[in-house]
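In: 3D, please:
(2 chains)
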Number of protein chains: 2
Amino acid sequence: MAEVLENLKSLAKKAESKMVLLVADGLGGIPHPDFGYQTELEAAQTPHLDELAKKSALGLMTPVNYGITPGSGPGHIGLFGYNPEELTIGRGVLEALGVGFHLQAGDVAARANFATRDERGIIVDRRAGRISTEECARLVEKISQEVKEIEGVEIILRPGMEHRFVLILRGEGLGEKVKDTDPQKEGFPPYEPQALDAASEKTSRVLKLFLEKANQIIKEEPKANAILLRGFSQSPHLEKFSERYGVKPLAIAIYPMYKGIARLFGFDTPEVSGDFQDEVKLLRDKWFDYDFFFLHYKDTDKAGEDGDFKKKVDRIEYLDQFIPQILALNPDVLVITGDHSTPTLLHSHSWHPSPVLLYSKYAGSSTGLRFTERECAHGYLGQFPARALMSLMLANALRLGKFGA
Amino acid sequence: MAEVLENLKSLAKKAESKMVLLVADGLGGIPHPDFGYQTELEAAQTPHLDELAKKSALGLMTPVNYGITPGSGPGHIGLFGYNPEELTIGRGVLEALGVGFHLQAGDVAARANFATRDERGIIVDRRAGRISTEECARLVEKISQEVKEIEGVEIILRPGMEHRFVLILRGEGLGEKVKDTDPQKEGFPPYEPQALDAASEKTSRVLKLFLEKANQIIKEEPKANAILLRGFSQSPHLEKFSERYGVKPLAIAIYPMYKGIARLFGFDTPEVSGDFQDEVKLLRDKWFDYDFFFLHYKDTDKAGEDGDFKKKVDRIEYLDQFIPQILALNPDVLVITGDHSTPTLLHSHSWHPSPVLLYSKYAGSSTGLRFTERECAHGYLGQFPARALMSLMLANALRLGKFGA
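Out: Residues are numbered from 1 along each chain as shown, chains lettered A, B, ... in the order given. Alright, predicted model coming up:
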């Protein structure tokens, strides 16, 4: 199936049509024994989604592959029509995106932890007792003040939550193939940041010097007296969304990570804060400036991760209220789906397929009476891989020409 | 789809969960015009399967590919999560497994027939008038007594049904690439066992000498005066089930072939005889010693091959009675499916997808009221390739970690 979907550019046609991809993060669920064996979507009162479902094509979408639980990276890579089994976003890059850092080409990012080591150099707590976020910011600031540059490479630190922070190296000639220094369990000393290929020798040297200096600065700290690094990575080289599909894409997301992922694909990512109503307002404001809108709604995933069934139901009902406002813009294609499922029963991302609703004048036979997992299971779109979604959206937007004579 | 499913090892997590894969051989069927256009599953009274179906995820599973009728080898290769289009089990190996022979690495096995040739050496009956199984055993014994070893290679013969037997060569430096000697139609002399690559020269020499000696021994037989060989093959090199999935697997099967196939994948395969109730007893006895159980039920396929609709219905109803006993063990994941369909209307294996029922606490929305082909056709699992089943089972057993950050 790969070839033609990887080369939609060759079929792309100019059109005025507008597409909205509304991703309710972690939307899908599974029946919950404590709530009448209903899923969150089934338990929710969603008059607007139900009304829309009757006019739409429904289906179930597999984010990566059968039984595979995706992280946020692979989840969105698939939604954007790229192959999540081939294209990966490194852990360091994802962390940098998560704190809102704008990575440049060639930057090497790493996930960093403050940790505790004993007098022999053995790591006794990989999370430094989960020091407070404020404490983390203080230490990051202290190190940043003293270590700004090594061998011409700029050292950039950004604090995260609790013991977590991000390290970015910016400079010429840096490779990303460096061994994690994090031993991944307690009772061992950190590893050396060893280069795994010739192109990463300089990265490795700079990292060693950085660790020496930084560890020296924090060595008297009661808990956070060591640094562990992992997931060294650079932004992947990828074909931009606009080139691949001939669209002008805008991403509307409050959380930095999703904005960051979208930026990797070449979306414009204006600032927006507040809640979903602010996102919808931004959608309205930008409606005439773009033709592809990725609209990210985080609340469903958060409630799912918390294992809070009623909260997830509530967040679905909240989302439902905005459907008329989105439809009022008269999009040619509107898709509502998730990047993965987050059933409250599991308190986490899961492997279950995402319910998907595709609304357009040309969507095909409607079969569902409601937008639920069960109705989607026998919907007109069947079960299909997430990476086929973009081609369905473009087709429904009458933006793909005929394949072959 | 290949990469991640071929590399589940990288996601495997330790867990205490237990999985049962119940394969009712040839389970699926198609509507029969003589029986109210019902399938065998539809016609059967299956209260326990129906009850289970309401709590399970249903789907249809394609063994190899659309329209492709699998033999038992490809059928099980797919069920076990390997690619049946890439991995093959040779005809000779399958015959050896079918007679319960324990193949060692490097053994070359061949399917052998007694045949009749005329005075000119032309094969006039490829099956030697289907001599009796006893007669076959007598001749095999006679040859075995006189031909035990050639060029340091051990010659092992095992009788099969009627004119069929198995030849195994055991020794150093044997290749499997040898041309069949069976001309596949009457009116021709047998071919020479010609080596098709350099590594198989020794195999070819040993086979020529074996055929000379054996044909000499039986030359006065009235019917079985010649031997035809085909399907020279060695056990495939494959990643063991335990390494691939991090489980400890047990196969429970009465028929030698299924035990043999499972053994290739590294299953333990204790002896069990009698009928399905003995298999279920063994399952109970071994419950605490293993975590993955492949349970093979043959009767459905036999009735299908016989074209006996009522018998197949009866065998499904018999199977249904054991469902409560299996559930009483409290498996975390139970899958009930077939390795292929065997519709009685066709009297043979067929290309139709296998109905599949996946029961677990996390299986997902149930949609079916009964476990039948038609209900499975719009089940939550959709239509999926058999080789994705293992990944779904492992996911439901909470034995797969997240893919990507």
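In: so which bits of the stretch 151-300 of chain A are right by chain B?
Out: Within the stretch 151-300 of chain A, the positions near chain B by C-beta under 8 Å from any C-beta of the partner chain are A:Gly231. The C-beta positions use only the backbone N, C-alpha and C, and glycine is treated the same way.
In: tell me where the stretch 151-300 of chain A has helices.
Out: For the stretch 151-300 of chain A, the helices defined by DSSP state H, counting those that start in this stretch occupy A:201-217, A:241-245, A:256-264, A:276-286, A:299-305.
In: among these, which is nearest B:Phe292?
Out: Judged by C-beta to C-beta, the one of the helices of the stretch 151-300 of chain A that comes nearest to B:Phe292 is helix A:299-305, at 29.3 Å.
In: quick one: list the elements packing against that closest one.
Out: Applying 3 or more C-beta pairs under 8 Å, 6 or more residues apart in numbering or on different chains; DSSP states H and E, one finds that helix A:299-305 contacts helix A:309-321.
In: from the contact counts, what lies against the helix it packs on?
Out: Using 3+ C-beta pairs under 8 Å, 6+ apart, helix A:309-321 sits against helix A:40-43, helix A:47-54, helix A:299-305.
In: tilt between it and helix A:276-286?
Out: Put simply, helix A:309-321 runs at 20 degrees to helix A:276-286, going by axes from the mean of the first three to the mean of the last three C-alpha atoms, to 10 degrees.
In: for the closest residue to A:Thr88 other than its chain neighbours, what are its contacts?
Out: Among residues not flanking A:Thr88 along the chain, B:Gly404 sits closest, at 6.0 Å (C-beta to C-beta, 6 or more residues apart in numbering or on different chains). Residues in contact with B:Gly404 (C-beta atoms under 8 Å, 6 or more residues apart in numbering or on different chains) are A:Val64, A:Pro70, A:Gly71, A:Gly73, A:Pro74, A:Pro84, A:Thr88, A:Ile89.
In: state the phi and psi torsions of B:Gly404.
Out: Backbone geometry at B:Gly404, expressed as degrees, to the nearest 10, gives phi 80, psi 160.
In: distance of it relative to A:Leu94?
Out: Note on B:Gly404: its distance to A:Leu94, by C-beta to C-beta, to the nearest Å, is 9 Å.
In: what touches both of these two?
Out: Joint contacts of B:Gly404 and A:Leu94 (C-beta under 8 Å, 6+ apart) are A:Gly71, A:Gly73.
In: which of the helices of the stretch 151-300 of chain A sits closest to B:Ile218?
Out: helix A:241-245 (69.4 Å).
In: for stretch A:267-276, buried residues please.
Out: A:Phe267, A:Asp268, A:Thr269, A:Val272, A:Phe276 (16 or more other C-beta atoms under 10 Å in any protein chain shown).
In: span of it from start to end?
Out: Length of stretch A:267-276, first residue to last, C-alpha to C-alpha, to the nearest Å: 19 Å.
In: contacts for it next, please.
Out: A:241, A:249-254, A:259-260, A:262-263, A:278-279, A:282, A:286, A:290, A:294, A:297, A:299, A:318-319, A:322.
In: for stretch A:97-107, give the mean pLDDT please.
Out: Mean per-residue pLDDT for stretch A:97-107: 92.
In: give the buried residues for that stretch.
Out: For stretch A:97-107, burial by neighbour count (16+ other C-beta under 10 Å) applies to A:Leu97, A:Gly98, A:Val99, A:Phe101, A:Leu103, A:Asp107.
In: so which of those residues would count as near chain B as well?
Out: Among the buried residues of stretch A:97-107, chain B is touched by none when using C-beta under 8 Å from any C-beta.
In: those residues in strands, which ones?
Out: Among those, DSSP state E puts none in strands.
In: ok, now which ones touch A:Leu11?
Out: With C-beta under 8 Å, 6+ apart, A:Leu11 has these contacts: A:Val4, A:Leu400, A:Gly401, A:Lys402, A:Phe403.
In: filter those residues to the buried ones?
Out: A:Leu400.
In: can you tell me which of the contacts of A:Leu11 are in helices?
Out: Among those, the members found in helices (DSSP state H) are A:Val4.
In: same list (the contacts of A:Leu11) but as CSV, adding pLDDT.
Out: CSV is the format used below for those (pLDDT from 0 to 100):
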residue, pLDDT
A:Val4, 88
A:Leu400, 95
A:Gly401, 93
A:Lys402, 92
A:Phe403, 92
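In: stretch A:119-127: how far from the chain's middle?
Out: 32 Å (C-alpha atoms, centre = their mean, to the nearest Å).
In: give the buried residues for that stretch.
Out: Here stretch A:119-127 shows A:Ile123, A:Asp125, A:Arg126, A:Arg127 as buried, counting by 16+ other C-beta under 10 Å.
In: what's the end-to-end length of that stretch?
Out: Start-to-end, stretch A:119-127 (C-alpha to C-alpha) is 17 Å.
In: average pLDDT across that stretch?
Out: 94.
In: which residues are contacting that stretch?
Out: Against stretch A:119-127 from outside (C-beta under 8 Å, 6+ apart): A:113-118, A:162-163, A:182-190, A:223, A:226, A:228.
In: of those, buried ones?
Out: A:113-117, A:162-163, A:182-183, A:190, A:223, A:226, A:228.
In: could you pull out the strands in the stretch 301-405 of chain A for me?
Out: Assigned by DSSP state E, counting those that start in this stretch, the stretch 301-405 of chain A shows strands spanning A:333-337, A:354-360, A:382-385.
In: ok so, going back, how far away is the residue nearest to A:Thr88 from B:Asn65?
Out: With C-beta to C-beta as the criterion, B:Gly404 and B:Asn65 are 28 Å apart.
In: flag the shaky bits of chain A, pLDDT-wise.
Out: For chain A, the stretches flagged by pLDDT under 70 are A:1-2.
In: right, I'll call it a day here.
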